[in-house]
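>>> Below: sequence and its predicted model.
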Amino acid sequence: MNMSGAADVLRKAMKGFGTDEDALIKILAPMGPLEVESVKDAFRQNHKRDLMKDVHSETSGYFRDGLEQSSADRLSKTATPCVRDSRESAPRRSSSMKCS
């Protein structure tokens, strides 16, 4: 995926009156952790703006929460290790997040 192009589409979706929520979903939802970081960097370089701040200001409610949780800090959440106790059959994590 061309991250510079994705950043431009995201900016266009949030610029001016109203927000193209479908465009936000189409670009951000399928991205993995490294892609999210790359598009955030491209957005910053191309538009001198913070992608997550723009997403926060242009959206609201559960939609905002979902986009922010799926896009922000994906890399650090992915890197949180799961620990398996030999007496347990399922992995556990010290935080509230579930292991897969």
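Here it is on my side, so go on. Numbering: from 1, shown residues only.
>>> counting contacts, what elements does the longest helix along the chain pack onto?
For the chain, the helix with the greatest residue count under DSSP state H is helix 33-47. Where contact means 3 or more C-beta pairs under 8 Å, 6 or more residues apart in numbering; DSSP states H and E, helix 33-47 is packed against helix 3-14, helix 21-28, helix 51-58, helix 74-78. Glycine gets a C-beta too; all of them are placed from N, C-alpha and C.
>>> Report the angle between it and helix 21-28.
In terms of direction (axes from the mean of the first three to the mean of the last three C-alpha atoms, to 10 degrees), helix 33-47 departs from helix 21-28 by 120 degrees.
>>> average model confidence for helix 33-47?
Here helix 33-47 scores 95 as its mean pLDDT.
>>> residues making contact with that helix?
With contact meaning C-beta atoms under 8 Å, 6 or more residues apart in numbering, helix 33-47 is reached by 1, 3-4, 6-8, 10-11, 27-28, 31, 49-52, 54, 71, 74-75, 77-78.
>>> OK, contacts around S71?
L28, M31, V36, L51, M52, V55.
>>> What distance do you get for it to N46?
17 Å (C-beta to C-beta, to the nearest Å).
>>> which regions of the protein sit below the pLDDT cut-off?
The chain contains residues with pLDDT under 70 at 72-100.
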